[in-house]
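> let's see this in three dimensions:
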Amino acid sequence: MPETPVFSTAAVAAPHTLAAETGQTILAAGGNAVEAMVAMAATIAVVYPHMNGLGGDGFWLVREPGGRVHALDASGPAGALATIKRYRDKGYDAIPSRGADSALTVAGAIGGWGLALELAKALGGHLPLDLLLGDAIRHARAGYPVSGSEARFKTSEEAALYAVPGFAEAFLTEGKRTPPGTLRQVPRLADTLEQLVHAGLADFYRGDIGREIAADLERIGAPILRRDFETYRARVVQPLELRVGNATVYNLPPPTQGLTTLLILGMFERLGAIRAETPEHHHALIEASKRAFTIGENVVADPMNMIHDPAAFLTPSALEREAAAIDMRRAAPYPLPRSPEGDTIWMGAIDKDGLAVSYIQSVFWAFGSGCVLPATGIHWHNRGSAFSLNPASHNALEPGRKPFHTLNPPMAAFDDGRVLSFGTMGGETQPQILAQIFTRYVLGMGLADAVDAPRWLLNKGKGTSPAIVRMEGRFDSGLIRALSALGHEIDESPEPYTDNFGHGGMLVKHPRNGRVEATHDPRSDGGALGL
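Numbering: from 1, shown residues only. Here you go, the predicted structure:
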């Protein structure tokens, strides 16, 4: 059984050791948790490019020691030229996942860093930007070792990704995945980060960097214009919240699938007292996931284009109605309407004062669109591929709209004063993973055990084919037999740990002694560090 690291006053958790080291350095320099997270976000944007980058989006939850929770939406809208007609005229039935036509939304992550630093300053932050971005610049300039996750990570449409102009030169070695440990230098990205230090983060949108990005996107044929950058702002939004047992759980509102995560937890609680790691535990979560995903797929969209109030689905009566429809004796049929692929990083930080951060940053699929912009060294995300080309869809493509987002960074405040920051990567499967690690913790598992324990993922059924529950190879054979007897189609992985089951992390601060327990996934390249 793994031991949970415990730190005296503060801690960070990240899927890459270099990002965790950056966070620890900022905390040691007197920075608060938000400043530490901005620095970590910069470092991991350089050293974990298959999962995230400057050309992606981000979402923040920040909880002040007094209990106030801030939610920041740093996702970007579709560009001015991104119309259904444009794609139909090019012969598309769906938005492609790779190449310039998939690079159709503004990248919001840097705008989120800027908005987060405004909040950090209001909460007493004082560290300069050159210190916060210093590690990222150093790793980009001097080189960083290619991670094991990047070298082994499998993604669909690999051939299409490799064929995107500029991708092979940036990320491959002799046409193949770069071996782990290989030193990779990215001087243009280092120059971009240094320019952000000198000119400020807003330069990414309204300065020299924004001009270069817009010019490169225009050159490759992406449907984003300079004015799309000039008008972009990250936004403060109202977080969703739900009482679950003796805790209040928070998450981001649409366009994220934060609603889906809260729905699973709300239904699970209403299914009665369940012991951890029993067939009932996992069957209840699988069935709640089916119902929650169905609601999310039919509801979540650009918040300016939504018909339904997401909070209406989190009322006690609505959750009781959904939970009552779950048969604890039999698996329900279930087709997932969308591919679960998606690659992301989640990181957490809690400082000595109890300021807590849950943050997620992504380029969507591995390496995003695959487009590497030559002037800045930035690779652009493909989040816009989540749009529909059906004008009747609630996620229909339209300039200025935001697509459906898989990203959701939750946080929980317990009645006894504990504050839990937790999250995972995993694309559309994030709510399933979050529900597993959270319920394991509240049902009595230690943090490290909850994150280390084997996971399952519900995969869509095609046509008349049943849904498949893919399970890591460490599950008890009796539990697998019991789930099969309930009607679940099981596909057991021979591998005990795999990236495809997410990179999760958890941190909890205890009010009695101020200590912070923190852990990050053994499936990733990171860990937890602190003071």
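> just checking, what packs against the top helix by length along the chain?
Using DSSP state H, we find that the single longest helix of the chain is helix 279-299. On a contact count with 3 or more Cβ pairs under 8 Å, 6 or more residues apart in numbering; DSSP states H and E, helix 279-299 meets helix 258-269, helix 316-324, helix 430-442, strand 456-459, helix 477-485. Heads up, the C-betas are built off the backbone N, CA and C, glycines and all.
> rank those by mean pLDDT and give me the bottom one.
With a mean of 93, strand 456-459 has the lowest mean pLDDT of these.
> partner strands of it and their direction?
With DSSP bridges as the test, strand 456-459 is paired with strand 468-471 (antiparallel).
> quick one: His139 from Leu127, how far?
Look at His139 and Leu127: by Cβ to Cβ, to the nearest Å, they are 18 Å apart.
> one more: Phe204?
In terms of Cβ to Cβ, Phe204 sits 19 Å off from Leu127.
> more crowded one of those two?
Phe204 (28 against 19; other Cβ atoms under 10 Å).
> OK, contacts around that one?
Leu54, Ile110, Gly111, Leu196, Gly210, Ile213, Phe229 (Cβ atoms under 8 Å, 6 or more residues apart in numbering).
> hmm, 6 Å instead?
Phe204 makes contact with Ile110, Gly210 under the criterion Cβ atoms under 6 Å, 6 or more residues apart in numbering.
> can you check Leu457 too?
Thr429, Gln432, Arg470.
> let's go with 8 Å and repeat that
By Cβ under 8 Å, 6+ apart, the neighbours of Leu457 are Pro340, Gly426, Thr429, Gln432, Ile433, Val469, Arg470, Asn500, Phe501.
> mind putting the helices and strands packed on helix 279-299 into a markdown table with distance to Pro187?
Output for the helices and strands packed on helix 279-299, formatted as a markdown table (distance: least, Cβ to Cβ, whole Å):
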| stretch | distance to Pro187 |
| --- | --- |
| helix 258-269 | 38 |
| helix 316-324 | 52 |
| helix 430-442 | 34 |
| strand 456-459 | 39 |
| helix 477-485 | 50 |
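> and the ones you listed: which comes nearest Thr9?
Set against Thr9 and scored by Cβ to Cβ, these come closest in helix 430-442, at 21.5 Å.
> tell me what angle the closest one forms with helix 279-299.
140 degrees (axes from the mean of the first three to the mean of the last three Cα atoms, to 10 degrees).
> what is helix 430-442 packed up against?
Here helix 430-442 touches helix 258-269, helix 279-299, strand 419-424, helix 447-452, strand 456-459, strand 504-509, going by 3+ Cβ pairs under 8 Å, 6+ apart.
> how much space separates Leu407 from Val62?
Distance, Leu407 to Val62, by Cβ to Cβ: 16 Å.
> what's the answer for Leu355, then?
For Leu355 relative to Val62 (Cβ to Cβ), the value is 7 Å.
> next one: Gln257
Gln257 is 20 Å from Val62, by Cβ to Cβ.
> below-threshold pLDDT in the stretch 401-531 of the chain: ranges please.
By pLDDT under 70, the weakly predicted segments of the stretch 401-531 of the chain are 461-465.
> show me where the stretch 301-450 of the chain has its strands.
Ranges of strands in the stretch 301-450 of the chain, per DSSP state E, counting those that start in this stretch, are 343-350, 356-364, 372-373, 378-379, 411-414, 419-424.
> quick one: list the elements packing against the first one.
Using 3+ Cβ pairs under 8 Å, 6+ apart as the contact test, the elements touching strand 343-350 are strand 11-14, helix 17-28, helix 33-47, strand 356-364, strand 419-424, strand 504-509, strand 516-520.
> ok so, going back, could the helices and strands packed on helix 430-442 be laid out in CSV, adding distance to Thr376?
Converted to CSV, the helices and strands packed on helix 430-442 look like this (distance: least, Cβ to Cβ, whole Å):
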stretch, distance to Thr376
helix 258-269, 31
helix 279-299, 34
strand 419-424, 28
helix 447-452, 35
strand 456-459, 35
strand 504-509, 29
